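Peer 1: Here's a sequence, model it:
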Amino acid sequence: MAHVSDLIASDIQQYLKLHEKKSLLRFITCGSVDDGKSTVIGRLLYESKMLFEDQLAAIENDSKKWGTQGGDIDFALLVDGLAAEREQGITIDVAYRYFSTDRRKFIVADTPGHEQYTRNMITGASTADVAVILIDARKGVLTQTRRHSYLVSLIGIRKVVLAINKMDLVDYSQEVFNRINDEYRAFAKQIGLNDITSIPLSGLKGDNMLVASEHTPWYHGTTLMGFLETCEIDETRLQKEPFRLPVQWVNRPNLDFRGFAGVVTSGSIKPGDRIRAQPSGKESTVARIVTLGGDLPEAVAGQSITLTLADEIDISRGDVISTATSPAEVADQFEATLVWMTDEPMIPGRPYLLKIGAQTVSATITEPKYKVNVNTLEHLAAKKLALNEIGVVNLALDRAIAFDAYTANRDTGGFILINRLTNNTVGAGMLHFALRRAHNIHKQAVDVNKAARAAALGQKPAVLWFTGLSGAGKSTIANIVEKKLHAMGRHTYLLDGDNVRHGLNKDLGFTEVDRVENIRRVSEVAHLMADAGLIVLTAFISPFRSERAMARSLFPEGEFIEVYVDTPLAVAEDRDVKGLYKKARRGEIANFTGISSPYEAPENPEIRVNTTAASADEAAEQVVAHIRALGLIG
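Peer 2: Below is the predicted model:
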């Protein structure tokens with residue numbers, strides 16, 4: 001949808017040329033439920049003559065069916081697209097609208113006000129330069145107003161429009177406007193929001209939307225559209241910051257060309273400038289700045305470019321090219337703020353994928369330092385984060401990455417977390433700083449390595465990971481397998497679930513959080529033992545696929561062998577050698593796998609043994625035969 005310009009009819013080429021050079025402002029509208037966010041956007045589009053005739057006819061018809069304004073046009077319906085939104089008169093999903101004026105292009109995100117849709121609001125705010133926070137003049141500053149203002153501050157939006165809406169319902173009272181304005185600014189100061197422009201509005205009547213309203217002669221500030229057309233966008237500020245180019249693609253069409261493509265997220269660059277590739281730290285100079293329209297003498301934040309360098313240095317997708325004089329930081333452990341965005345809670349120690357820019361790495365999260373009550377800003381103790389909760393955590397990655405603090409650069413400091421199994425986005429976060437230990441602790445090089453230790457033992461190291469329900473026979477079968485391997489002269493070690501809990505993991509219980517930590521510790525111990533050249537057997541229920549996937553990720557291909565001891569729950573419960581199932585059925589044991597806690601069966605184990613059809617000895621022989629076929633034993 002574009003602004004109606006006379007040039008469209010008289011000189012379309014000139015119009016397109018001017019349109020192409022307009023700056024783009026992204027902004028969000030947010031606030032409490034029924035503050036009139038969608039109505040304000042709808043009125044903005046209507047008053048700016050940015051609706052086509054068929055759209056106007058459709059909204060008039062929809063107003064008769066769904067509208068809340070009697071016979072008048074209900075402007076909220078322009079952005080409330082879901083049937084559930086129209087029925088309830090609220091915003092649920094994030095609705096994006098594009099429009100333009102003679103001075104600027106805009107993308108507006110109408111975000112929901114309800115607490116259960118906090119993740120939707122975060123999504124809409126993640127790319128915004130300005131936040132328009134609406135307040136119902138009749139209700140004043142509410143809890144949801146404070147929450148969304150905190151989220152705006154958290155996400156790094158620096159410019160805020162305080163739109164005190166529905167002024168027509170309080171007779172355009174200056175006293176009401178001043179009272180709300182003073183109360184909001186006092187709160188905003190606590191959360192670091194200082195660049196605030198307050199405007200008295202009536203989205204329904206159009207007051208102070210495009211032109212100054214005769215109903216507010218006491219107000220001498222800008223209109224809403226006037227502010228949006230003239231405010232400085234974040235891209236302008238970023239052009240003054242140090243140069244950053246996250247590499248999205250290594251362009252190698254032939255032997256004579258090697259370029260690194262991406263969007264400049266901050267700063268500027270010219271041929272001849274000295275750059276540093278990160279995290280490797282290697283330096284070179286810029287040879288060319290290549291674009292589709294030809295080489296550029298300079299590139300600035302917001303432009304898509306391909307850089308060629310004077311030297312052949314190794315740079316891959318996900319690396320960051322920085323100015324050599326002010327490079328990004330490099331670390332693998334951080335403090336970060338995390339917004340949890342899925343129904344399944346965040347579990348400390350559970351492995352996730354972390355995506356920052358074009359780089360994807362494996363990450364684990366510590367127990368939250370605290371979570372934030374976004375209504376009161378109070379810091380609360382927490383062991384995990386639930387849907388829509390926000391907390392401060394420590395992150396540990398499997399490799400070092402280049403980054404900036406989120407407050408300095410949203411592109412190189414913001415990340416998302418992804419479930420390793422479902423590929424669903426489960427969280428979004430903002431990096432604060434690298435932990436001191438990330439710089440002080442380094443891997444020590446040793447001369448006697450894994451291969452040397454294995455050669456001395458005359459065997460190939462491996463991990464046999466036995467998993468299954470309690471009572472399935474994991475420990476029994478693993479014990480027999482170890483005896484058979486020992487008889488062959490193999491060097492082994494059996495890590496058994498019960499035995500480990502008498503020492504290494506004696507401080508852990510059986511909650512989901514403790515079970516994740518239990519498997520994390522055992523995985524690391526197994527990893528060290530395999531590094532010593534041993535054949536390691538582990539017998540643990542290990543009920544969650546994500547933790548078994550984490551354990552597998554520690555080992556090279558072919559070294560981790562998952563053995564699923566497949567026993568139906570009824571059979572395992574009937575055996576009940578330790579009497580645990582009976583206690584669980586009576587409610588005496590909480591979080592018991594198969595009864596009050598789930599067991600996620602392996603989908604593609606290397607070995608599946610059916611204990612209802614084979615004895616423990618036969619199952620053990622099946623395992624030995626399999627690893628012999630793999631060449632792990634002779």
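
Peer 1: starting at the chain centroid, how far to stretch 280-290?
Peer 2: 30 Å (Cα atoms, centre = their mean, to the nearest Å).

Peer 1: Can you mark which positions in it are buried?
Peer 2: Residues Ser284, Val286, Arg288, Ile289, Val290 are the ones in stretch 280-290 that count as buried (16 or more other Cβ atoms under 10 Å). Heads up, the C-betas are built off the backbone N, CA and C, glycines and all.

Peer 1: Same question for stretch 316-333.
Peer 2: Those would be 317-323, 327-333, for stretch 316-333 by 16+ other Cβ under 10 Å.

Peer 1: In these, find the pair that's most separated.
Peer 2: Comparing all pairs in the buried residues of stretch 316-333 by Cβ to Cβ, the longest separation belongs to Thr323 and Gln333, at 24.6 Å.

Peer 1: ok, back up a step: closest one to Thr611 out of the buried residues of stretch 280-290, please.
Peer 2: Ser284 (60.6 Å).

Peer 1: could you point out which element follows the helix or strand harbouring Arg147?
Peer 2: According to DSSP states H and E, Arg147 maps onto helix 143-155. Once the chain leaves helix 143-155, the next helix or strand it forms, by DSSP H and E, is strand 159-165.

Peer 1: For that next one, enumerate its sheet partners and note whether each is parallel or antiparallel.
Peer 2: Sheet partners assigned to strand 159-165 using DSSP bridges are listed as strand 130-136 (parallel), strand 195-200 (parallel).

Peer 1: Please dump those into a markdown table; it should also carry distance to Lys189 for every row.
Peer 2: Below are those laid out as a markdown table (distance: least, Cβ to Cβ, whole Å):
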| stretch | distance to Lys189 |
| --- | --- |
| strand 130-136 | 15 |
| strand 195-200 | 9 |
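
Peer 1: Would you pull up how far stretch 210-219 lies from the middle of the chain?
Peer 2: Mean-position distance between stretch 210-219 and its chain equals 42 Å (Cα atoms, centre = their mean).

Peer 1: In the chain, which residue is most central in space?
Peer 2: Ile416 (1.8 Å; Cα atoms, centre = their mean).

Peer 1: Listing partners with orientation, what would you give for the strand or helix carrying that residue?
Peer 2: Assigned by DSSP H and E, Ile416 falls within strand 414-418. Take DSSP bridges as the rule and strand 414-418 pairs in its sheet with strand 351-356 (antiparallel), strand 425-434 (antiparallel).

Peer 1: now the longest one and helix 143-155, what's the angle there?
Peer 2: If you take axes from the mean of the first three to the mean of the last three Cα atoms, to 10 degrees, strand 425-434 sits at 60 degrees to helix 143-155.

Peer 1: same question, the first one
Peer 2: Using the same axes, to 10 degrees, one finds that strand 351-356 and helix 143-155 are set 70 degrees apart in direction.

Peer 1: Identify the residues contacting strand 351-356?
Peer 2: Contacts of strand 351-356 with the rest of the structure, by Cβ atoms under 8 Å, 6 or more residues apart in numbering, involve 360-365, 395, 397, 401, 403, 412, 414-420, 426-427, 431, 546-547, 549-550, 553.

Peer 1: Rebuild the strands paired with strand 414-418 as TSV, extending it with distance to Thr538.
Peer 2: Compiled in TSV, the strands paired with strand 414-418 are given as follows (distance: least, Cβ to Cβ, whole Å):
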stretch	distance to Thr538
strand 351-356	17
strand 425-434	27
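
Peer 1: Of all the ones you listed, which one is nearest Thr342?
Peer 2: Evaluated over the strands paired with strand 414-418, closeness to Thr342 peaks at strand 425-434, with 4.3 Å, by Cβ to Cβ.

Peer 1: ok, residues contacting the closest one?
Peer 2: Contacts for strand 425-434 (Cβ under 8 Å, 6+ apart): 119, 122-123, 126, 154-156, 329, 331, 333-342, 344, 346, 352, 356, 385, 392, 395, 403-407, 413-419.

Peer 1: Show the buried residues in those residues.
Peer 2: Buried members of the contacts of strand 425-434, scored by 16+ other Cβ under 10 Å, are 119, 122-123, 126, 154-156, 329, 331, 333-334, 336-342, 346, 352, 356, 385, 392, 395, 403-406, 413-419.

Peer 1: For the stretch 101-250 of the chain, give me the ranges with low pLDDT.
Peer 2: 112-117, 234-235 (pLDDT under 70).

Peer 1: ok, now how distant is the residue nearest to the centre of the chain from Thr123?
Peer 2: As judged by Cβ to Cβ, to the nearest Å, Ile416 and Thr123 stand 10 Å apart.

Peer 1: Please apply the same query to Ile321.
Peer 2: Computed as Cβ to Cβ, the Ile321 to Thr123 distance reads 28 Å.
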